[in-house]
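> below is the structure, and that's it, no one-letter string:
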DNA sequence: AGTATTGTTCGTAAATTTACGAACTGAAAT
DNA sequence: ATTTCAGTTCGTAAATTTACGAACAATACT
């Protein structure tokens, strides 16, 4: 039996997107990706003052939230905004703020 | 000596706002407040499936992030959106998503 | 003065987040 | 074949988040 939450699916998704945005490292990455089309995580390693394993965690967080996607260009990985979900998130935040 | 972060003040503030939005309880509260002008926390206690101490923590989180403000109407407290910061947050999110 | 109402604070517990370095994996280059 | 490069996974530690109930504080009501 499924216990239904008082929170709508939409509210839960919005909170999930917000969580992905709740860290300056991830804001930095997303702003970079939304300004230029894509980047390699090596670019990020060079500029961000965190260990590569930590960066990997942050990228995974953004990927799991659906905001970015990675494409293998061996031996590197090219990261881009996931446009569909990015647009969806944009609308969710827009509606929250009216 | 102040160690300067590679993250801008704006990026840190945006992450801070996102953190405040990163929980379904707080999304619920903010949507309620942005739809109707204000509410009493008793209204929230009635509808939210959490302990009053937990609700108090969430309201404090929203207050500390600057998104809401409380006004004493003894013995209750009337909560409203903090319009100035709400507008500021709106702009920050809007700019993030272009 | 005493009681009820409203909300905060305290102490605590479990889960999650953020961070690191070391070890590992897979593909490319030598 | 082995070395190099790019990135992930693992183990771990510290801090933060979320949650609860009990106790407390402040005000209103009787």
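Cool, the structure landed. Since this is a predicted model, take the numbers as computed values, not measurements.
> which bits of chain A sit near DNA strand C?
For chain A, the residues in contact with DNA strand C (Cβ under 7 Å from any atom of the strand) are A:19, A:22-23, A:25, A:49-54, A:57-58, A:61, A:74-75. Bear in mind the C-beta positions are built from the backbone N, C-alpha and C, glycine included.
> which residues in chain A form strands?
Ranges of strands in chain A, per DSSP state E, are A:38-40, A:68-73, A:76-81.
> mind listing residues that contact the second one?
Outside of strand A:68-73, the residues that reach it under the criterion Cβ atoms under 8 Å, 6 or more residues apart in numbering or on different chains are A:29-30, A:33, A:40, A:59, A:62-63, A:77-82.
> circling back: narrow the residues of chain A next to DNA strand C to those that are buried.
A:19, A:22-23, A:25, A:58, A:61 (16 or more other Cβ atoms under 10 Å in any protein chain shown).
> now the two most distant members of those.
Greatest spatial distance in those: A:19 and A:25, 13.4 Å, computed using Cβ to Cβ.
> pLDDT score for the most centrally placed residue in chain A?
Nearest to the mean C-alpha position of chain A, counting by Cα atoms, centre = their mean, stands residue A:62 at 3.0 Å. Looking at residue A:62, its pLDDT stands at 98.
> what is the neighbour count of the closest residue to it other than its chain neighbours?
Counting by Cβ to Cβ, 6 or more residues apart in numbering or on different chains, residue A:62 lies nearest to residue A:68, which is 4.6 Å off, once chain neighbours are set aside. Around residue A:68 there are 24 other residues, counting by other Cβ atoms under 10 Å in any protein chain shown.
> what pairs with residue A:68 across the strands?
Beta-bridge partners recorded for residue A:68 (DSSP bridges): residue A:81.
> got a pLDDT number for it?
Taking residue A:68 on its own, its pLDDT is 98.
> ok, residue A:18 - contacts?
Going by Cβ under 8 Å, 6+ apart, residue A:18 touches B:18-22, B:27.
> correction: residue A:6
Applying Cβ under 8 Å, 6+ apart, the residues near residue A:6 are B:28, B:47-49.
> what's the farthest-apart pair in these?
Greatest spatial distance among the contacts of residue A:6 (Cβ to Cβ): B:28 and B:49, at 10.7 Å.
> in ChimeraX, select just the buried ones from the contacts of strand A:68-73.
The following ChimeraX command selects only the buried members of the contacts of strand A:68-73, with burial defined by 16+ other Cβ under 10 Å:
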select /A:29,30,33,59,62,79,80,81,82
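> tabulate the strands of chain A in CSV, adding columns for distance to residue A:6.
Formatted as CSV, those follow (distance: least, Cβ to Cβ, whole Å):
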stretch, distance to residue A:6
strand A:38-40, 40
strand A:68-73, 31
strand A:76-81, 32
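> out of those strands, which is closest to residue A:94?
From these, taking Cβ to Cβ, the stretch that ends up closest is strand A:76-81, at 16.7 Å.
> where does residue A:82 fall, phi/psi-wise?
phi -80, psi 100 (degrees, to the nearest 10).
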